[in-house]
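Trainee: Fold the stuff below for me.
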Amino acid sequence: MKKSIKKGVFFGSLAVAMAIVVAADHIDAPNSMGTTADIADFYAFEPTEGSDNTVFIVDLQSNVVDGLAYGSFDEDVLTEINIDLDGDLVEDQVIQAIPRDGIMYFFGPVAPTITGISSEVAVDMPLGMVEISAETAITETTADGVKLFAGPRQDAFFFDFTQYNQVVMPSPENNSGFNNPGTDTFDGANTMALVVEIPNTMLGTPTATNVLGLEVYKTWVTTNRKQ
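Mentor: Numbering: from 1, shown residues only. Alright, predicted model coming up:
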């Protein structure tokens with residue numbers, strides 16, 4: 001039996017990542033590290049040039065190592081994609097995701113009843129649902145043309161974390177700087193990913209522009225835990 005999703009309030013933003021194209025923030029949030037409250041990466045982009053859709057990818061829990069048992073999404077954590085349409089850095093639309101019994105439920109896009117560090121699940125605005133994947137990827141496409149995925153994916157972020165620490169905290173034993181090629185610390189590791197591809201008509205029209213003069217969504221991700 002699936003658990004019901006109640007309109008509860010989720011308090012205290014545990015982690016935040018902001019992106020126009022990509023942002024990354026691996027394994028440095030002590031209160032949420034090792035759980036799906038920890039945001040590793042956030043990507044927002046057009047799937048193809050000139051597309052009328054936007055893809056949002058949220059990578060959570062960056063230490064899901066390949067070959068070990070996959071992590072699971074925390075049922076007390078609400079992940080929220082926040083979308084600013086008028087450039088004031090306050091969310092005008094949100095897309096929410098929360099798991100229950102092996103299913104990831106998505107809600108929105110909807111104007112939030114609460115902005116800032118607290119959130120309320122928009123149970124009256126279901127977007128769709130998808131079975132949480134394990135070894136085999138499972139996707140769903142809704143009648144509105146929204147594509148959804150939830151589950152483990154290979155960590156796409158390339159970073160030489162060990163050498164970075166040597167550069168920012170040099171020691172006499174190793175002060176050579178970065179190597180070319182570097183060593184990808186996250187090679188062979190996975191994240192727990194949420195993916196939403198959605199028509200722009202469902203998001204609203206942005207008024208912000210980037211350095212190229214193109215209209216863009218200002219968007220960021222938060223994770224909140226139920227209190």
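Trainee: Find the nearest non-adjacent residue to Ile103, please.
Mentor: Excluding the flanking residues, the one nearest Ile103 by C-beta to C-beta, 6 or more residues apart in numbering is Met129, at 5.3 Å. C-betas here are computed from N, CA, C, even on glycine.
Trainee: in the sheet, who's paired with the one you found?
Mentor: Under DSSP bridges, the beta-bridge partners of Met129 are Tyr105.
Trainee: Count residues in the vicinity of the residue lying closest to Phe106 once chain neighbours are set aside, would you?
Mentor: Among residues not flanking Phe106 along the chain, Leu127 sits closest, at 4.0 Å (C-beta to C-beta, 6+ apart). Using other C-beta atoms under 10 Å, Leu127 has 21 neighbouring residues.
Trainee: any idea what sits nearest Ala193, other than its immediate chain neighbours?
Mentor: Arg153 is the one closest to Ala193 (C-beta to C-beta, 6+ apart), at 4.1 Å.
Trainee: The one you found belongs to a strand, doesn't it?
Mentor: Yes - counting by DSSP: H, G, I helix; E, B strand; the rest coil, Arg153 is part of a strand.
Trainee: I'd say it and Asn190 touch.
Mentor: Yes - taking C-beta atoms under 8 Å as the definition, Arg153 is a contact partner of Asn190 at 6.2 Å.
Trainee: right, and the helix or strand after the lowest-mean-pLDDT helix or strand in the chain?
Mentor: Of all helical and strand segments in the chain, the minimum by mean pLDDT, DSSP states H and E falls on strand 22-24, at a mean of 44. Next along the chain after strand 22-24, taking DSSP states H and E as the criterion, comes strand 39-45.
Trainee: Who does that following strand pair with, and is each partner parallel or antiparallel?
Mentor: strand 22-24 (antiparallel), strand 53-65 (antiparallel).
Trainee: If I average pLDDT within each of those strands, which one is lowest?
Mentor: Lowest mean pLDDT within the strands paired with strand 39-45: strand 22-24, at a mean of 44.
Trainee: Who does Ala193 form a beta bridge with?
Mentor: Here Ala193, judged by DSSP bridges, has bridge partners Asp59, Gly151.
Trainee: So it is in contact with Gln61, correct?
Mentor: No - counting by C-beta under 8 Å, Ala193 stays clear of Gln61, with 9.6 Å between them.
Trainee: Check what pLDDT the residue nearest to Ile103 gets.
Mentor: 97.
Trainee: show me what contacts it?
Mentor: Ile103, Met104, Tyr105, Phe106, Glu140, Leu148 (C-beta atoms under 8 Å, 6 or more residues apart in numbering).
Trainee: Between these, identify the one with the most neighbours.
Mentor: For these, neighbours tallied by other C-beta under 10 Å; top is Phe106, 26 neighbours.
Trainee: if we can go back for a sec, ok, the contacts of Met129 vs Ser133, which is closest?
Mentor: Met104 (9.4 Å; C-beta to C-beta).
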